[in-house]
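Q: Return atomic coordinates for the entry below.
(one chain, ligands or ions: 1)
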Amino acid sequence: MRRPVPLPRCVIAAFFAPAVALLAAAAWADDPVGIPAVPAIPATPTIPATPATSATGKALATTPTASAAAETATAAKAPMAPAEGAPRFTVETVRGRVVFFGEAMQRLAGVKCVDEARERTLALETADGQLLPLLEDVRGRGFRNDPRLRACDLELTVRRYRVSPFLQTLRVYSVEKTGKFELDYWCEVCAIAMYELKPCECCQGDTLFRRRLVRGE
Ligand SMILES: [Zn+2]
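A: Down below sits the predicted model:
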């Protein structure tokens with residue numbers, strides 16, 4: 001009987017190699033520990049919360065990101081809990097000129113904000129160069145709608161709320177050489193006052209810019 005011719009080893013190896021590979025893959029699938037470890041890659045790069053302790057702290061410090069700045073600000077103020085019974089706001093008197101925060105920051109601090117934010121926020125610029133942000137409710141919007149209110153020295157009666165640096169305007173006075181005047185808008189037909197420049201809320205007619213001398217000032 002003739003003996004079969006033995007196949008060369010390389011042919012045998014080529015024939016069985018795919019099967020061996022499949023078996024090996026199946027073994028890894030059953031045994032996750034056997035799968036070569038792949039380092040976890042976060043979906044988005046993480047930014048160190050404290051740039052000063054980072055290996056690249058110098059670069060981060062000169063180009064801080066918005067999120068890093070926000071984290072730092074939060075960390076600085078987070079532990080403060082309001083005292084029990086503390087008032088929700090205090091009423092204060094502040095003086096200065098109303099400006100747009102973005103324009104003033106560039107002029108006073110050399111910091112340029114994006115163009116679309118230049119007139120987004122109102123602020124009171126005090127005589128010593130501080131910017132006090134103003135809440136823009138209906139009364140605050142009055143500063144935006146009437147440039148005359150941004151062209152004179154003002155005294156504002158404001159609320160400073162515990163939760164925010166933004167001041168809410170209660171009363172507006174102009175401070176002039178001849179005295180202090182309370183400012184608002186007046187409809188002579190309806191005899192009602194308004195807080196911003198616009199047609200009368202009642203008759204839709206024109207309103208007057210009213211200046212009333214504050215006696216005793
Ligand atoms: Zn009216």
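Q: and the longest strand belonging to the chain, which residues are buried?
A: Secondary structure of the chain per DSSP state E: the longest strand is strand 89-100. Within strand 89-100, the residues that qualify as buried are Val94, Gly96, Arg97, Val98, Val99, Phe100, counting by 16 or more other C-beta atoms under 10 Å. (Each C-beta comes from the backbone N, C-alpha and C, glycine too.)
Q: swap in stretch 203-217?
A: Buried residues in stretch 203-217 (16+ other C-beta under 10 Å): Thr207.
Q: Do any residues in it lie close to the ion?
A: Yes: Stretch 203-217 lies within reach of the ion by C-beta under 5 Å from the ion, at Cys203.
Q: what comes into contact with that stretch?
A: 146, 148, 173-174, 179-190, 193-194, 197-200 (C-beta atoms under 8 Å, 6 or more residues apart in numbering).
Q: run the last query once more with 6 Å
A: With contact meaning C-beta atoms under 6 Å, 6 or more residues apart in numbering, stretch 203-217 is reached by Gly179, Lys180, Phe181, Glu182, Leu183, Asp184, Tyr185, Trp186, Cys187, Val189, Cys190, Cys200.
Q: Type out the PyMOL command that picks the buried ones from the residues you listed.
A: In PyMOL, this line selects whichever of the contacts of stretch 203-217 come out buried by 16+ other C-beta under 10 Å:
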select buried, resi 180+181+182+183+184+185+187+200
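Q: among the contacts of stretch 203-217, which are in reach of the ion?
A: Answer for the contacts of stretch 203-217 near the ion (C-beta under 5 Å from the ion): Cys187, Val189, Cys190, Cys200.
Q: can those residues go into a markdown table with extra columns for secondary structure and pLDDT?
A: As requested, these are exported to a markdown table (DSSP: H, G, I helix; E, B strand; the rest coil; pLDDT from 0 to 100):
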| residue | secondary structure | pLDDT |
| --- | --- | --- |
| Cys187 | strand | 98 |
| Val189 | coil | 97 |
| Cys190 | coil | 98 |
| Cys200 | coil | 97 |
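Q: Quick check: the farthest pair among those?
A: Using C-beta to C-beta, the two most remote members of these are Val189 and Cys200, lying 7.0 Å apart.
Q: what helix or strand is the closest residue to Ala193 other than its chain neighbours on?
A: Nearest residue to Ala193 in three dimensions, chain neighbours excluded: Asp184, at 4.7 Å (C-beta to C-beta, 6 or more residues apart in numbering). In this assignment (DSSP states H and E), Asp184 forms part of strand 179-187.
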